[in-house]
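Visitor: next input, structure requested:
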Amino acid sequence: MKTSPWPNLLSAARLGLMPAALVAAIQGSRPWFIGLVAGALLTDALDGYLARRLHAETEFGRKLDSAADYLLLLTGVAGIALLWPETMRRELPWVIAGLVGFFAVVIYGFVVLGRAPCYHTWAAKVLAVALALTLVPLLAGWTPLPFRIVQSLQVAGSVEELAIAMLIPWYEGQVPTIWHAWRLRQARRAAADGSTGS
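Guide: You can find the predicted model right below:
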């Protein structure tokens, strides 16, 4: 049965929007930057939903989605630094903490698994939406508190993903929580014990 291309097309669209968003930031256009990033965030919300709805979840799709997320994150940080430099200077320790946590998981995955892990944990999904929402009060100059809270939770989410990678030092495409990782580890251990006992 042929898999629907729509989820991957949405992820590819997110990748394609990022150079345009970066150009908008370099040219100093806040409206265009916000619009393009908002469009990219919309594709991020829809691609996973459509993949599950259309039974079109694939390994390639997970990798494409993750690559688009990485580029969106870097473009977002660069654009905010260019367009809201005072805000970026003030929030830099929080931004660095979030980036270190995020990329620690990626680097650990490459070192141990030979590839970036694409766990798509529940925490990562919820916090991605929450982080996008906190940018409204942050960039509008109302309050940085929601952003700082979510960045702290992002670090905790990264610790969970590192723990997952340590619990299951092999590649798994979808691991919603550390509890699921523990169950996978136990199942593999039970299967190994069963094969050696037979």
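Visitor: just give the closest residue to the residue nearest the centre of the chain, not the sequence neighbours.
Guide: Note on the chain: the residue nearest the mean C-alpha position is residue 69, at 5.1 Å, using Cα atoms, centre = their mean. Leaving aside its sequence neighbours, residue 69 sits nearest to residue 44 (Cβ to Cβ, 6 or more residues apart in numbering; 6.7 Å). (Glycine included, C-beta is placed from N, CA and C.)
Visitor: tell me which element that neighbour falls in.
Guide: helix 30-53 (DSSP states H and E).
Visitor: chain center to that helix: distance?
Guide: Mean C-alpha position of helix 30-53 versus that of the full chain (Cα atoms, centre = their mean, to the nearest Å) differs by 13 Å.
Visitor: list the buried residues of it.
Guide: 33-34, 36-37, 40-41, 43-44, 46-48, 50-51 (16 or more other Cβ atoms under 10 Å).
Visitor: helices of this structure, residue ranges please.
Guide: With DSSP state H, the ranges of helices along the chain come out as 6-26, 30-53, 59-83, 85-113, 122-139, 145-167, 178-197.
Visitor: format those helices as CSV; extra columns: mean pLDDT.
Guide: Output for these, formatted as CSV (pLDDT from 0 to 100):
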stretch, mean pLDDT
helix 6-26, 96
helix 30-53, 93
helix 59-83, 94
helix 85-113, 95
helix 122-139, 95
helix 145-167, 97
helix 178-197, 89
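Visitor: re the thing from before, who's in contact with the residue nearest to residue 69?
Guide: Contact partners of residue 44, counting by Cβ atoms under 8 Å, 6 or more residues apart in numbering, are 14, 65, 68-69, 72, 128.
Visitor: care to break the chain down by domain?
Guide: Here the domain parsing of the chain from automatic domain parsing is 1-83, 87-198.
Visitor: and those, which is most packed in?
Guide: The highest mean neighbour count among the domains of the chain, using mean count of other Cβ atoms under 10 Å, belongs to domain 1-83: a mean of 17.
Visitor: re the thing from before, so how far is residue 145 from the residue nearest to the centre of the chain?
Guide: Residue 69 sits at a distance of 25 Å from residue 145 (criterion: Cβ to Cβ, to the nearest Å).
Visitor: same check on residue 104?
Guide: On the measure of Cβ to Cβ, residue 104 and residue 145 end up 25 Å apart.
Visitor: how about residue 108?
Guide: Applying Cβ to Cβ to residue 108 and residue 145 gives a distance of 30 Å.
Visitor: same question for residue 184.
Guide: Counting by Cβ to Cβ, the gap from residue 184 to residue 145 is 37 Å.
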